[in-house]
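**Student:** Got a sequence here, can you build the structure:
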Amino acid sequence: APEPEKNVNVNEMSLLQVRTSAAVLAGLLTAHRDEQVLKDSCVSLCQLFGEGIQNDRIQSILDADVVPRLVALLQPLEGRNGAVEFGVPVAVQSAALQVIGNVACGDDRQTQVIINCNALPCLKALLASGDRDIRKECCWIISNITESSHQVQDV
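**Tutor:** Alright, predicted model coming up:
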């Protein structure tokens, strides 16, 4: 995935630049199956959120339609003997969850996008991961979603 130029301060990017960059990265999430490209794309998306919680930046990233692409990467698959498996390795899962976690810091409308994209079944499946950090990230996302009283029912 393309890395932002070293002299670019992500916090000084306009919302249009954030949206445009997020759209390019979202395209990479769909077009590639290479682990490094997927992971780097997610890491770059995380950088676009900038410092602190900025709902306008979160919305610009949501406008690029990244959440459905991330959820598609995290879809559980039925493996051998009915065991749950995932189509991407833990490093990609972790990076994708970090992006979703940043979205989950947004307002109610923004966290609702996570629910509407059917991420909750993925998060539930990932709670059984053997990787502690994956479980921790899932719990953090669910916690942020449930901060809204009307979204508790969805969880």
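**Student:** Please count neighbours and contacts with C-alpha atoms only from this point.
**Tutor:** Fine.
**Student:** Count the residues that sit near Asn9.
**Tutor:** By other C-alpha atoms under 10 Å, 11 other residues sit near Asn9.
**Student:** Would you mind listing the residues in contact with the nearest residue to Phe86 once chain neighbours are set aside?
**Tutor:** Of all residues beyond its chain neighbours, the one nearest Phe86 is Pro76 (4.9 Å), with distances taken as C-alpha to C-alpha, 6 or more residues apart in numbering. The contact partners of Pro76, by C-alpha atoms under 8 Å, 6 or more residues apart in numbering, come to 84-87, 122, 125.
**Student:** Export those residues as a markdown table, with columns for pLDDT and neighbour count.
**Tutor:** Shown next, in a markdown table, are the contacts of Pro76 (pLDDT from 0 to 100; neighbours: other C-alpha atoms under 10 Å):
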| residue | pLDDT | neighbour count |
| --- | --- | --- |
| Val84 | 80 | 15 |
| Glu85 | 86 | 17 |
| Phe86 | 89 | 18 |
| Gly87 | 88 | 15 |
| Cys122 | 96 | 17 |
| Ala125 | 95 | 18 |
